[in-house]
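> sequence first, predicted model second:
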Amino acid sequence: MTTEQKIQRIADHYGYEPQSRQLVEELSELIQAVCKHNRAYEERPISVSCDCPERDSIAEEIADVCIMIWQICYLLGISNERIDQISEKKLDRQIRRIKNE
């Protein structure tokens, strides 16, 4: 079974309402993991190469959020192409803002 098939099977099984609530919960857990990381490294510089449990926790929560987002996109019929289009516009807008700083 492909990842896409797994996403669809799980989403179809639970439906939009429960999965939208689960998405909110997963987003909250990601926020908590980021806050915990920030507190742990408040006084120290962050090195991309260092291994730390807080970073592992953030990666885990990002994966959970991505899975839920994929399910919501599937359930609402939002295509990857549409997300890519919107993302590209938002990235371009932010690059313009940076240039004007």
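Perfect, thanks for sending it.
> report the backbone C-alpha coordinates of stretch 79-88 in PDB.
Coordinates of each C-alpha in stretch 79-88 appear next as PDB, following Å, rounded to 0.1, in the frame of the first residue of the first chain:
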ATOM      1  CA  SER A  79      -4.800  19.200  -4.700                       C
ATOM      2  CA  ASN A  80      -1.100  19.300  -4.200                       C
ATOM      3  CA  GLU A  81      -0.900  21.600  -7.300                       C
ATOM      4  CA  ARG A  82      -3.200  24.100  -5.600                       C
ATOM      5  CA  ILE A  83      -1.200  24.100  -2.400                       C
ATOM      6  CA  ASP A  84       2.000  24.500  -4.500                       C
ATOM      7  CA  GLN A  85       0.500  27.500  -6.400                       C
ATOM      8  CA  ILE A  86      -0.600  29.200  -3.200                       C
ATOM      9  CA  SER A  87       2.800  28.400  -1.500                       C
ATOM     10  CA  GLU A  88       4.800  29.800  -4.400                       C
END
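> got the buried residues for that stretch?
By 16 or more other C-beta atoms under 10 Å, stretch 79-88 has no buried positions at all. Glycine gets a C-beta too; all of them are placed from N, C-alpha and C.
> which residues are in contact with it?
C73 (C-beta atoms under 8 Å, 6 or more residues apart in numbering).
> so what's R97 up against?
Contacts of R97 (C-beta under 8 Å, 6+ apart): none.
> for L76, same thing?
L76 touches Y16, counting by C-beta under 8 Å, 6+ apart.
> distance check, it against R39.
Using C-beta to C-beta, to the nearest Å, we find L76 at a distance of 35 Å from R39.
> now do K89
34 Å.
> same check on I67?
For I67, the distance to R39 - C-beta to C-beta - is 26 Å.
> looking at those two, which is more packed in?
A direct count of neighbours by other C-beta atoms under 10 Å for I67 and R39 places I67 higher, at 19 against 10.
> fine by me, we can end here.
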